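Engineer: Below is the sequence, then the predicted model.
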Amino acid sequence: MYLLDSSAIAIILRRLGKRAVNYLKDVYTLDLARYELGNVVWKEHTITSMSLDETINKAGYIAKLLKMMEIKGIQSDEDFKEIMRLALKLKLTFYDASYLHIARKNGLTLVTEDRELMEKSKESGIKAVAVNDYIKE
């Protein structure tokens, strides 16, 4: 199974449009992705000519897609501490380390377009693939 970070979800949505559901349904992401993807839509609105209605509709579409995914989060004090250990050890943000921790804890392959996260994942023995490889599998 797969754990998709926000960069992967955003690229899948951009590249595949309505077909994205085929690659997002029943795979995992973090609860954090809701906020990160909301920010992606907000930023897109601020730097393009996307109308308010288009922006709100896009946010609603993403919210529906996220409901089709399995959402993971930090469940315990131990999870929180382990994520902090990873962040400090690997010099990653707490956000990025949370994806690595959840992937490792649940035996999931991380899907990301974040090069640094991909490298740190492999250094840590956590399988990670880019979106192109995920779509091919």
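Structural biologist: Received, thanks.
Engineer: Please name every helix or strand in contact with the helix or strand Asn39 falls within.
Structural biologist: Element membership of Asn39 [criterion: DSSP states H and E] is helix 32-47. Contact here means 3 or more CB pairs under 8 Å, 6 or more residues apart in numbering; DSSP states H and E; on that basis helix 32-47 packs against helix 6-16, helix 52-68, helix 94-106. Where C-beta positions appear, they are placed from N, C-alpha and C, glycine not excepted.
Engineer: change it to 6 Å
Structural biologist: The contact analysis (3 or more CB pairs under 6 Å, 6 or more residues apart in numbering; DSSP states H and E) places helix 32-47 against helix 6-16, helix 52-68.
Engineer: Tell me the first helix or strand C-terminal of the longest one.
Structural biologist: Right, helix 52-68. With DSSP H and E, the next secondary element past helix 52-68 is strand 70-72.
Engineer: roughly how far is that following strand from the heart of the chain?
Structural biologist: 11 Å (CA atoms, centre = their mean, to the nearest Å).
Engineer: I'd like the mean pLDDT over that strand, please.
Structural biologist: Mean pLDDT, strand 70-72: 98.
Engineer: any low-confidence regions in this protein?
Structural biologist: Low-confidence segments of the chain (pLDDT under 70): none present.
Engineer: Just name the most buried of the helices and strands packed on helix 32-47.
Structural biologist: Most buried of the helices and strands packed on helix 32-47, by mean neighbour count (mean count of other CB atoms under 10 Å): helix 6-16, with a mean of 20.
Engineer: follow-up on the earlier one: Ile102 is nearest to which of the helices and strands packed on helix 32-47?
Structural biologist: Proximity to Ile102 (CB to CB) singles out helix 6-16 among the helices and strands packed on helix 32-47, at 13.2 Å.
Engineer: Just the buried residues of the next helix or strand after that closest one, please?
Structural biologist: Next helix or strand after helix 6-16 toward the C-terminus (DSSP H and E): helix 21-24. Residues of helix 21-24 classed as buried: 23-24 (neighbour count, 16 or more other CB atoms under 10 Å).
Engineer: What of stretch 88-98?
Structural biologist: 90, 92, 95-98.
Engineer: Now distance to Thr29 too, for those, in CSV please.
Structural biologist: Below are the buried residues of stretch 88-98 laid out as CSV (distance: CB to CB, whole Å):
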residue, distance to Thr29
Leu90, 20
Leu92, 18
Tyr95, 13
Asp96, 14
Ala97, 16
Ser98, 11
